[in-house]
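J.: need a structure here:
(6 chains)
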There are 6 protein chains.
Amino acid sequence: MSKPFKRILLTGAAGGLGKVLRDRIKPWADVVRLSDLADLGEAREGEEIVQCDLADKAAVMKMMEGVDAVLHFGGISVEAPFDAILSANIVGTANLYEAVHKHGVRRVVFASSNHAIGFYKQTEVIDADDPVRPDTMYGVSKCFGENLSRYYFDRFGIETVCIRIGSSFPEPQSARMLVTYFSYDDLVESLRCSLMTAKVGHTILFGMSDNPAKWWDNRKAGHLGFVAKDSSTKFNGMFPPSGNYPAADDVGATYQGGPFILNGPQFG
Amino acid sequence: MSKPFKRILLTGAAGGLGKVLRDRIKPWADVVRLSDLADLGEAREGEEIVQCDLADKAAVMKMMEGVDAVLHFGGISVEAPFDAILSANIVGTANLYEAVHKHGVRRVVFASSNHAIGFYKQTEVIDADDPVRPDTMYGVSKCFGENLSRYYFDRFGIETVCIRIGSSFPEPQSARMLVTYFSYDDLVESLRCSLMTAKVGHTILFGMSDNPAKWWDNRKAGHLGFVAKDSSTKFNGMFPPSGNYPAADDVGATYQGGPFILNGPQFG
Amino acid sequence: MSKPFKRILLTGAAGGLGKVLRDRIKPWADVVRLSDLADLGEAREGEEIVQCDLADKAAVMKMMEGVDAVLHFGGISVEAPFDAILSANIVGTANLYEAVHKHGVRRVVFASSNHAIGFYKQTEVIDADDPVRPDTMYGVSKCFGENLSRYYFDRFGIETVCIRIGSSFPEPQSARMLVTYFSYDDLVESLRCSLMTAKVGHTILFGMSDNPAKWWDNRKAGHLGFVAKDSSTKFNGMFPPSGNYPAADDVGATYQGGPFILNGPQFG
Amino acid sequence: MSKPFKRILLTGAAGGLGKVLRDRIKPWADVVRLSDLADLGEAREGEEIVQCDLADKAAVMKMMEGVDAVLHFGGISVEAPFDAILSANIVGTANLYEAVHKHGVRRVVFASSNHAIGFYKQTEVIDADDPVRPDTMYGVSKCFGENLSRYYFDRFGIETVCIRIGSSFPEPQSARMLVTYFSYDDLVESLRCSLMTAKVGHTILFGMSDNPAKWWDNRKAGHLGFVAKDSSTKFNGMFPPSGNYPAADDVGATYQGGPFILNGPQFG
Amino acid sequence: MSKPFKRILLTGAAGGLGKVLRDRIKPWADVVRLSDLADLGEAREGEEIVQCDLADKAAVMKMMEGVDAVLHFGGISVEAPFDAILSANIVGTANLYEAVHKHGVRRVVFASSNHAIGFYKQTEVIDADDPVRPDTMYGVSKCFGENLSRYYFDRFGIETVCIRIGSSFPEPQSARMLVTYFSYDDLVESLRCSLMTAKVGHTILFGMSDNPAKWWDNRKAGHLGFVAKDSSTKFNGMFPPSGNYPAADDVGATYQGGPFILNGPQFG
Amino acid sequence: MSKPFKRILLTGAAGGLGKVLRDRIKPWADVVRLSDLADLGEAREGEEIVQCDLADKAAVMKMMEGVDAVLHFGGISVEAPFDAILSANIVGTANLYEAVHKHGVRRVVFASSNHAIGFYKQTEVIDADDPVRPDTMYGVSKCFGENLSRYYFDRFGIETVCIRIGSSFPEPQSARMLVTYFSYDDLVESLRCSLMTAKVGHTILFGMSDNPAKWWDNRKAGHLGFVAKDSSTKFNGMFPPSGNYPAADDVGATYQGGPFILNGPQFG
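T.: Here you go, the predicted model:
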């Protein structure tokens, strides 16, 4: 039986989540084109390897040839000096969308981040229409990607699902991540829904498992049909409460972005 | 043990859903009065048969005698020439409510339709307070019924639950219906809740099973206590994605009403 | 200098507001085609007279030839037996829109009514997106026109401004009308804005002057550029308060529709 | 292993819910200080008993010494003469918060009540930001506690979760309570979440199990991570519907507060 | 010509605003009954003087005899020891409403305060449905009055307009008051509208003139017909900006309640 | 008398609006520092001239010395090749905020643009909390500046008013600009309010005069006290309606951004 797509491009394939996705997305396309600035090793069956700097417009344009759909996980995924963020996340994403447009690609999944809205408080519950509140220059760069993809949808009809990824690790690394936990299986399912739904327009999805505590309401992305199967409850007990409430000025306990907020901005 | 109601009237009893309901609603009433323009055969035990044209005011008035509650599934359930829609759905429903009022019936369940809001996009999620956007003259006639029942509630306290039925068939007939699927069991449960809840005022319920993709938010009907038990996930695989995204002007893939929209309007 | 339109059709030209408009709309079109079921007398300069029953589909179709834009004030403007409402307001408006569609007319102004939302309380403030709450069968028929025009816009791009006319008389006839007063000048200005704005989509405008007390918020029609110039303050003193508050069950003082609500429904 | 808290104060420990909680909260603190106006018997292991009139400011101040966190279930939990409500619920709660402030306690769970919003209709679904609509002087006193705790949070950062408790009994005592049912296990879990979440700010939680019919939407308290495990469905059949709809003026069937509304106000 | 009311009761008649109102409300009633704890001097023509402690239930009950409508300006209008607030504002207002109920009075205007919502930031714009955020115990007591009056409306239909008075002085006393300024003329006009409108239900009005900067949106009170005539622009220049922005922790410049917030709470 | 500020920096001083502002802002500061990439001629009295490329981080840092407040009108104000937008608007604004932060400047007014939301339709009315919908890469860059300034406010308390300037020209140049017209006087007044208000937090203001047609609702910026004095009504007659409605696919008549949308994106 034929697979839904001929060729899916995965950028950032050498990154943490890229490695997780490399095998899991194979059932969706005849060929998975893997791209990264870093070395990706040998192409395995059903793979193509393209080493590419996203800031190199010509290289990005070439990489897009023959692509059906893009999973854009490339760029920098932590706070970093602004020059680096600018090059990888801002210029890189602009190059990517221009190539998407020129090559007639019709669907992108953009790995956005909870740090696009990390300055909401942990006592607030928000949805996809609430204004962004980035918590780092990294977060600002993710907002740029969301806005850019909105523009390409309104202007050219190129559809994007922006997934504001919470904490996608094998297990939570702090009490905060019991709320933001996004299992690999749920991540993959969210990508599957984002690619397979007939029309998605421009959708913002909060990437989280079915955790008991919720800061984010995904109702406005209901049309994607994404239903999380995992939950952070299985990690109950990893971060037992001490009864010592965090101080009023404890950033990590106050804002949804957590201690990550303290990393920025970084200027030379 | 006595049944909750003495006599429930089911209009449209010879229609697709009417046949499904004929036996299933019997536990709720001593007598089920079945009505249709078409022949309904012999009355079985616990049944009364009234062949009736809803456009015939006197006949409708007579049919309402001794009735406790009404399940109004009568009329035309597809797009049709406006004269037919006018007679069956507009005049018919007006006659029905006038009879309900004159005979002191206090509760109606009105089979409205997703085509009352079919011009919302498949990438939008709406609730009961969003403005209607009918997608056919049929849809316009269902809006008429909703507005009329609102009037009879505000004016006379006659309570109605309008169920905007999605796709109530044994199984989905298109990928779109994976979203709008409304199993027979869930339909019956929604009717049970609509009849048995002590007060319902004027409520709009979206008739859908617990499908993974959702265009409709039923929170404002939470007081009905309707909890869908079925899901279209059991039909996964019937409509596998092809990776060929629908064209920008593909009505069936763009609007919630689907290709049905293309059927109207029909004027002589 | 040429006028903006070649031919504007005014239905209901023999009615109360039709007579007011007959002369005032002349600057907008080379020809004003006046239509009514009643006799309109001789055509004056720049006028065409078409006596027409809106329920007569063929006659309506013929009346629409060569028309640029329609001011639909025809039909019954009070509560009446349902058969009459049905014929004039429901069938009549359906015929009108079908003719509009067939003849390629691109803009309609529909004289809707505050009675489409008359069952809101006088202590509530609503806007165009709040659900309708008709207060009579007349009000239900106005909702039908609003929904029908929404359908023709979504389906065919035919633009309509629905003006929910308050109380458009030379002067208020009750204390309630100090709130709903809509001066003739303001009515005309609202029509001018509705016709002259480049794009109106499907807009609902509450037709009221700049009265001190307000039940309706027109913010969502801000794109029309309608700014009321008159106010009911000039009638202060016509209905001095007595200190005798109306009884809790005084319909006229409780609901926005006022005592009009008590007129319906009327069935034979 | 050490327990999260050193000393939790439970007021109203001799009341209906206080007795339920006495043992269940022990795992959370080295010492549970139990307080009531009524006799509480002997202190058991891990308990301290403080007989205290909440209206006695000095006594309340003393009772708060060494306390980490407060579960404020004290006061009158039914409609009563206003003097009694005033003393126990208004003065008592003011004394409690002043003591909380003076002793540096940082977290309170306040047993508010559905009667703070009991005048919403049973056909309405509300959330934590909807205006209060108390249904008795008791309900007014609960609103006072909610507002007071909001003030102490805004002014001093003292965090409170106000739980608007539905019907927390072994089993529902009326059909209404199938909607408001709040099992003891779910109550305890809601307290656990309210105490253990790192930051709660000022949160209003509706205290209900996962019952099929819902008048209250807890989405805005999603950060608490409270997930009800029980449901009133197990009591299906206790209150079978009769088909006799309640009268329009049946308070118990009309408002969320139920027949309780009829108890007030009580003045000497 | 007869005046609208037979007898209006003004409580707090010896207070700052009471003195302003004493003469201005005379055109509305045959008799103005003036009440205060303090001495009010001799009754002038058309006046009755009742010295009364609002905390004295019997005295309040007696004071209410023969009254048509109440302007409740009595009680303490600044932050004060809680015992005083409790007695004057909480007990006093409870006594007042019980007397209103017993004597069949149907309309109250309650002098609430911006301090009921003073913990919103000066960069926020709120309306009547936003949750209260009192800034002092005085503010908490005003919330009590608002909730109590809501209860008496829902329970007995007694109508109240709660005016959250901004800064009603001859002229602003700080830059903050350029926003909250409420001229005496506008105050009187708001009372007139509150008394004369046929139905007001339970309405919350923000008491402010038409000042250029606005923290409060009165749209939901549009039915009152209150239109402010004055503006603080006439005081431009009284508080020229210095370019020295207030510090981040400057309460007076941060919250809508201003430095008043620092006065509370006061416990013995 | 001393002026409010010691030194205001105006970037983009050689641009169209920069020239307008050069003299008008002088009353607000002892010194106005004017900056542009282009030549600004001789410094006049009370002026300092700094020729500066905003993309030059060191130069921007130096330019910020001794500055009290910034009016950031620099960068490119039309659609342009992305490289140019990137350098002037993205890197330039990042450099500016970093310098603002390092030099302790506490207030910025950022010249954003209606092109940040230009893909809303001309039949929609939006406010400051609606999601952005940029209409060009220029618009995307303005969103970047808005998000960046939000970040610097949340992270460091640096306050910014983002003014989404409509069409600030001596007179409208198209019918669309009758809606977006923003007179020079109103622009200056909006700047004055943005600088002089004690606290502004992070505010988005739509920059428009009091034009009759409105696409934008400024209620959420009410705390600024900005009241437009001018209106485009004085240009009535410049763009008389023709009755030829624009085609369905006429971008200039469909979207708020107008024909400007067609300029982008521009890639090399």
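
J.: burial measure for residue A:265, as a count.
T.: Using other C-beta atoms under 10 Å in any protein chain shown, residue A:265 has 22 other residues around it. Every C-beta, even on glycine, is put in place using the N, C-alpha and C of the backbone.

J.: Could you verify that it is part of a strand?
T.: No - checked against DSSP: H, G, I helix; E, B strand; the rest coil, residue A:265 lies outside a strand; its state is coil.

J.: tell me the phi and psi of it?
T.: Backbone dihedrals for residue A:265, given as degrees, to the nearest 10, come out at phi -90, psi 160.

J.: do residue A:108 as well
T.: Given degrees, to the nearest 10, the pair of backbone angles that residue A:108 has is phi -130, psi 140.

J.: just the one 4 residues further on next, same as before
T.: Dihedral pair for residue A:112: phi -80, psi -170, per degrees, to the nearest 10.

J.: just checking, it touches residue A:147?
T.: No - with contact defined as C-beta atoms under 8 Å, residue A:112 and residue A:147 do not form a contacting pair (10.6 Å).

J.: For the residue lying closest to residue A:213 once chain neighbours are set aside, give me its contacts.
T.: Taking C-beta to C-beta, 6 or more residues apart in numbering or on different chains as the measure, residue A:213 lies nearest to residue D:225, with 3.2 Å between them; neighbours along the chain are not counted. Residues in contact with residue D:225 (C-beta atoms under 8 Å, 6 or more residues apart in numbering or on different chains) are A:178-179, A:211-214, D:193, D:197.

J.: How about residue A:151?
T.: Contacts of residue A:151 by C-beta under 8 Å, 6+ apart are F:119, F:133-137, F:139-140, F:265.

J.: how would you label it: helix, strand or coil?
T.: Three-state call for residue A:151 (three-state DSSP): helix.

J.: For residue A:165, see how far away it is.
T.: Relative to residue A:165, residue A:151 is positioned 22 Å away (C-beta to C-beta, to the nearest Å).

J.: Which residue, neighbours along the chain excluded, lies closest to the residue nearest to the spatial centre of chain A?
T.: Centre of chain A computed as the mean C-alpha position; nearest residue by C-alpha atoms, centre = their mean is residue A:111, 1.9 Å away. The shortest distance from residue A:111 to any residue that is not its chain neighbour, by C-beta to C-beta, 6+ apart, is 4.5 Å, and that residue is residue A:73.

J.: Please apply the same query to residue A:91.
T.: Leaving out its chain neighbours, the residue that sits closest to residue A:91 by C-beta to C-beta, 6+ apart is residue A:55, at 4.8 Å.

J.: Now do the same for the residue of chain A found nearest chain C: its pLDDT.
T.: Residue nearest to chain C within chain A: residue A:129 (15.4 Å; C-beta to the nearest C-beta). In this model, residue A:129 is scored at 98, pLDDT.

J.: returning to what we had before: out of the contacts of residue D:225, the closest to chain B would be?
T.: Sorting these by how near they are to chain B, with C-beta to the nearest C-beta, puts residue A:214 at the top with 15.3 Å.

J.: hang on, that closest one in a strand?
T.: No - with three-state DSSP as the criterion, residue A:214 is located in coil rather than a strand.

J.: and the nearest residue to it once chain neighbours are set aside, how many neighbours?
T.: Nearest non-adjacent residue to residue A:214, counting by C-beta to C-beta, 6+ apart: residue D:222, 3.7 Å away. Here the count is done by other C-beta under 10 Å, and residue D:222 has 21 residues near it.

J.: these two touch, right, residue D:222 and residue A:218?
T.: No - between residue D:222 and residue A:218 there is no contact, the gap being 11.2 Å when judged by C-beta under 8 Å.

J.: near chain B, anything from stretch A:184-203?
T.: Yes - among the residues of stretch A:184-203, A:195-201, A:203 lie within reach of chain B under C-beta under 8 Å from any C-beta of the partner chain.

J.: And stretch A:79-96, how far out from the chain middle?
T.: For stretch A:79-96, the distance between its averaged C-alpha position and the chain's averaged C-alpha position is 15 Å (C-alpha atoms, centre = their mean, to the nearest Å).

J.: Show me the contact partners of that stretch.
T.: If you take C-beta under 8 Å, 6+ apart as the criterion, stretch A:79-96 is touched by A:11, A:53-57, A:60-61, A:64, A:70, A:72, A:74-76, A:108, A:110, A:136-138, A:141-142, A:144-145, A:148, A:260, A:263-268, F:82, F:86, F:90-91, F:94, F:98, F:137.

J.: hmm, who's touching the lowest-mean-pLDDT helix or strand in chain A?
T.: When each helix and strand of chain A is scored by mean pLDDT, DSSP states H and E, helix A:251-254 comes last, with a mean of 94. Applying C-beta under 8 Å, 6+ apart, the external contacts of helix A:251-254 come out as A:121-122, A:174, A:176, A:246-248, A:258-259, A:261-262, D:198-199.

J.: By neighbour count, sort out the buried ones in those.
T.: Among the contacts of helix A:251-254, those scoring as buried are A:121-122, A:176, A:258, A:261, D:198-199 (criterion: 16 or more other C-beta atoms under 10 Å in any protein chain shown).

J.: For my notes, please list the residues you listed in a markdown table and give secondary structure for each entry.
T.: Output for the buried ones among the contacts of helix A:251-254, formatted as a markdown table (three-state DSSP):
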| residue | secondary structure |
| --- | --- |
| A:121 | strand |
| A:122 | coil |
| A:176 | coil |
| A:258 | helix |
| A:261 | helix |
| D:198 | coil |
| D:199 | coil |
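
J.: No further questions, thank you.
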